[in-house]
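In: below is the structure, and that's it, no one-letter string:
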């Protein structure tokens, strides 16, 4: 991630750059978390369907 940074000349640019990179990382983690939670939800629904259909 550090290699993609532009040359920083002022403290404002530094703060803006750090904020943007942190935002990208948080959005990526949120997307991964959503995918994990969705897969757990669908797996649990599939297991409930399989156990109820056997009865």
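Out: Thanks, I have the structure now. It should be emphasised that the depicted structure is a prediction, and the values quoted were computed from it without experimental measurement. Residues are numbered from 1 along each chain as shown.

In: tell me how many other residues crowd residue 8.
Out: Using other CB atoms under 10 Å, residue 8 is surrounded by 13 other residues. For every residue, glycine as well, the C-beta is placed using N, CA and C.

In: tell me the pLDDT at it?
Out: Note on residue 8: pLDDT of 86.

In: do residue 20 as well
Out: Per-residue pLDDT puts residue 20 at 91.

In: same check on the one 4 residues further on?
Out: Looking at residue 24, its pLDDT is 93.

In: ok, now residue 27?
Out: If you check residue 27, the pLDDT there is 97.

In: how about the one 4 residues further on?
Out: In the predicted model, residue 31 carries a pLDDT score of 98.

In: ok, now the one 10 residues further on?
Out: If you check residue 41, the pLDDT there is 93.

In: the helix or strand containing it: how far from the chain's middle?
Out: Per DSSP states H and E: residue 41 is located in helix 11-54. Counting by CA atoms, centre = their mean, to the nearest Å, helix 11-54 is centred 4 Å from the centre of its parent chain.

In: give me the neighbour count for residue 14.
Out: Neighbours of residue 14 (other CB under 10 Å): 12.

In: my guess is it contacts residue 8. True?
Out: Yes. In terms of CB atoms under 8 Å, residue 14 counts as a neighbour of residue 8; the distance is 4.9 Å.
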